[in-house]
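**Student:** Just need the structure, nothing else, for what follows:
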Amino acid sequence: MKPEGDFTHSLWEAIQPVYNKLIDHSFVNKLADGTLAHTSFAHYLSQDVLYIRDDAKALKELSEKAAKSTEKSFFISLANDGIAIEQELHNHFLEHFKVIEAKEKSPVIKAYTNFLLEHSAKSSYGIAAAALLPCYWIYYVVGKHIVLNATKNNKYQKWIDTYQGDEFGYYTKNFIRIVERIAKTASSTEKEKMTDAFVTAGKFELNFFNEAIMK
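**Tutor:** Numbers count the residues shown, from 1 in each chain. Next up is the predicted model:
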């Protein structure tokens, strides 16, 4: 997924060290070749349910900061889709992969969701949007990498297939465009804070893989 202008290009450049670690991560490689331990995948999937629930809350909060009606509607749609995805995970994926529902957040997911909810509630529209973008952008590009490198008869194929939908790519591209638009009228200080929030969120994504692979 390409940047949509100079600012989002700078965001992607800033997150390259994190992205490179994600692409080379043993969680990603083992998921792609089907050798990932079930305990690691179960931790990831069960915690992802809890993450998505709070991500939807943060997106709804973000929508209330949007001045443009189109952007407000966009983030409401993302929030509603997040709720639908959570239900899909509950109704199909946890049972399919024999994963027990998590009762509480792991340390990383608790810190990550607190970070997102804090920004969506208290930060400016631009900073909050930049904080929420990595989940989409990183998930999309790492997901495509996994799809391209997945082995045949992969026991996690049902999950890997979730990375292939066109709708998620559409959402990601539009999210990047919104952040680029916001940056066009942002001060240099605001853009620095947006970059910091973006990179920090990316590090949380990496920390989630680190946590899962240790299970």
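**Student:** residues touching G126, list them.
**Tutor:** Going by C-beta atoms under 8 Å, 6 or more residues apart in numbering, G126 touches V179, I182, A183, A186, E190, K191, K193, M194. From N, CA and C alone the C-beta is placed, and that goes for glycine too.
**Student:** mind putting the residues you listed in a markdown table, pLDDT, secondary structure and distance to P3 included?
**Tutor:** Below are these laid out as a markdown table (pLDDT from 0 to 100; DSSP: H, G, I helix; E, B strand; the rest coil; distance: C-beta to C-beta, whole Å):
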| residue | pLDDT | secondary structure | distance to P3 |
| --- | --- | --- | --- |
| V179 | 98 | helix | 10 |
| I182 | 97 | helix | 14 |
| A183 | 97 | helix | 11 |
| A186 | 97 | coil | 16 |
| E190 | 98 | helix | 18 |
| K191 | 98 | helix | 14 |
| K193 | 98 | helix | 19 |
| M194 | 98 | helix | 14 |
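**Student:** I'd like to know which of those are buried.
**Tutor:** Buried members of those, counted by 16 or more other C-beta atoms under 10 Å: V179, I182, A183, A186, E190, K191, K193, M194.
**Student:** most centrally placed residue in the chain?
**Tutor:** Nearest to the mean C-alpha position of the chain, counting by C-alpha atoms, centre = their mean, stands C135 at 1.7 Å.
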